[in-house]
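Enquirer: Got a predicted structure plus its sequence, pasted below:
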Amino acid sequence: MAENYDKLSPLGEQQARKLGEFWLKGAVSFDRVFQGPAQRHIRTAEIVADVYRSAGAPWPAPTIISDLDEFDATLLMQRLMPMLCERHEPVRELHDAYRNGVDSPHVGLHLERLFEEVARHWSLGSVHAPGVESWGDFRARVRRGIDHIRSSTPKSSSSVVFTSGGPIAATVGLAHDLSPHKAIELVWVSKNSAYSEFLFSGDRFSLSSFNTHPHLDDRALLTYR
């Protein structure tokens, strides 16, 4: 509910620092660093880099991959929600609950439920609007970004990518050939600053771990999206 969504909160900065400290303690190193173009992607990578460099550990210069940007949630709500409210009673009811509860402490939960329902319809391709990227186009864009990383990563090396829940979910979907409905569900369970691991060799691309967060050792640090 912050005015600027594309900015790490103080808690987000703490989560990123904990991640860097955990990796550093475990002697985790990376040969390449990639990041999406959003400010929250860039800032997360900067904080982890600061942890490493302050300890005298090497940290590669980052490369921005525009294809790993998040889908435009604001545009989805602006363009698709009114159409869905007209066609689908459940969406209309969720919208009414959000609008009627705008001054309540639960307004964020109402907005979250409304957005999830709109995004599900979007992922299934049941609603379209000019200028709104489809799930299929989004998935293809993320694939381009992942393919670029795979083709530019030397054999037997390790890369790290800083991005958002949507591209992570799409990448897991690519690795497991998930349906749009199953893939987008992963967005809702993704914890902030958690990491997922993928292995690739030739045409093989496999998920090794998902939504891992051992560095978040206090439940107060657990937040979503």
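Expert: Sure thing, it's come through.
Enquirer: okay, now the domains of this structure?
Expert: Here the domain parsing of the chain from automatic domain parsing is 7-14+27-45+134-212+219-225, 73-124.
Enquirer: Between these, which one is closest to Pro62.
Expert: Closest approach to Pro62 among these (C-beta to C-beta): domain 7-14+27-45+134-212+219-225, 4.4 Å. Every C-beta, even on glycine, is put in place using the N, C-alpha and C of the backbone.
Enquirer: Straight-line length of that closest one, end to end?
Expert: Start to finish, the residues bounding domain 7-14+27-45+134-212+219-225 are 12 Å apart (C-alpha to C-alpha, to the nearest Å).
Enquirer: Report the distance from that domain to the chain centre.
Expert: 7 Å (C-alpha atoms, centre = their mean, to the nearest Å).
Enquirer: same question for it, mean pLDDT?
Expert: For domain 7-14+27-45+134-212+219-225, the mean pLDDT works out to 95.
Enquirer: Go through the longest strand along the chain and flag the buried ones.
Expert: In the chain, taking DSSP state E as the definition, the longest strand is strand 204-212. Residues of strand 204-212 classed as buried: Phe205, Phe210 (neighbour count, 16 or more other C-beta atoms under 10 Å).
Enquirer: Starting from that strand, tell me which strands it pairs with and how they run.
Expert: Next to strand 204-212 in the sheet, as set by DSSP bridges, lie strand 195-201 (antiparallel).
Enquirer: returning to what we had before: identify all contacting residues around the longest strand of the chain.
Expert: Here strand 204-212 makes contact (C-beta atoms under 8 Å, 6 or more residues apart in numbering) with 146, 150, 172, 174-176, 186, 189-191, 194-200.
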